[in-house]
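>>> Give the three-dimensional model of this entry:
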Amino acid sequence: MTTGGWINMFLSVGFVTVLFVYCVTRVLRGPGAKQEHELGHVEPLDEEESETR
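Residues are numbered from 1 along each chain as shown. Next up is the predicted model:
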């Protein structure tokens, strides 16, 4: 394999490995790890309010 092939392979495998580790750590940490990206709580509409809209 040529030098360019080795570089391409290492970059590709390295990128996928880093992405995999990042995703696994995000899943294992759970939803409470970062609070700044939390969405606001949305209350469901009452049945009476939804009928009038």
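>>> Low-confidence regions, this protein specifically.
Applying pLDDT under 70 to the chain picks out residues 32-41, 48-53.
>>> residue ranges of the helices in it, please?
3-29, 47-52 (DSSP state H).
>>> Deepest in the core, which of those helices is it.
Greatest average neighbour count among the helices of the chain goes to helix 3-29 (a mean of 10), per mean count of other C-beta atoms under 10 Å. The C-beta positions use only the backbone N, C-alpha and C, and glycine is treated the same way.
>>> can you pull the contacts of residue 11?
Residues near residue 11 by C-beta atoms under 8 Å, 6 or more residues apart in numbering: none.
>>> ok, now how distant is it from residue 1?
Separation of residue 11 from residue 1 (C-beta to C-beta, to the nearest Å) stands at 14 Å.
>>> Likewise for residue 18?
If you go by C-beta to C-beta, the gap between residue 18 and residue 1 works out to 22 Å.
>>> tally of neighbours for residue 44?
For residue 44, the count of nearby residues is 7 (other C-beta atoms under 10 Å).
>>> shift numbering so it begins at 790
In the new count, where the first residue is 790, that last one comes out as residue 833.
>>> show me what contacts it?
No contacts exist for residue 833 under C-beta under 8 Å, 6+ apart.
>>> can you give me phi and psi for it?
With angles defined as degrees, to the nearest 10, residue 833 shows backbone torsions of phi -70, psi 150.
>>> Could you do residue 835 as well?
Backbone geometry at residue 835, expressed as degrees, to the nearest 10, gives phi -70, psi 160.
>>> burial count for it?
When neighbours are counted by other C-beta under 10 Å, residue 835 registers 9.
>>> Residue 794 and residue 835, how far apart?
Following C-beta to C-beta, the distance that separates residue 794 from residue 835 is 64 Å.
>>> just residue 810 next, same as before
In this view, residue 810 and residue 835 are 45 Å apart by C-beta to C-beta.
>>> And residue 798, by the same measure?
The value you get for residue 798 to residue 835, if C-beta to C-beta is used, is 59 Å.
>>> Could you do residue 791 as well?
68 Å.
>>> Likewise for residue 816?
On the measure of C-beta to C-beta, residue 816 and residue 835 end up 35 Å apart.
>>> repeat for residue 809
Separation of residue 809 from residue 835 (C-beta to C-beta): 45 Å.
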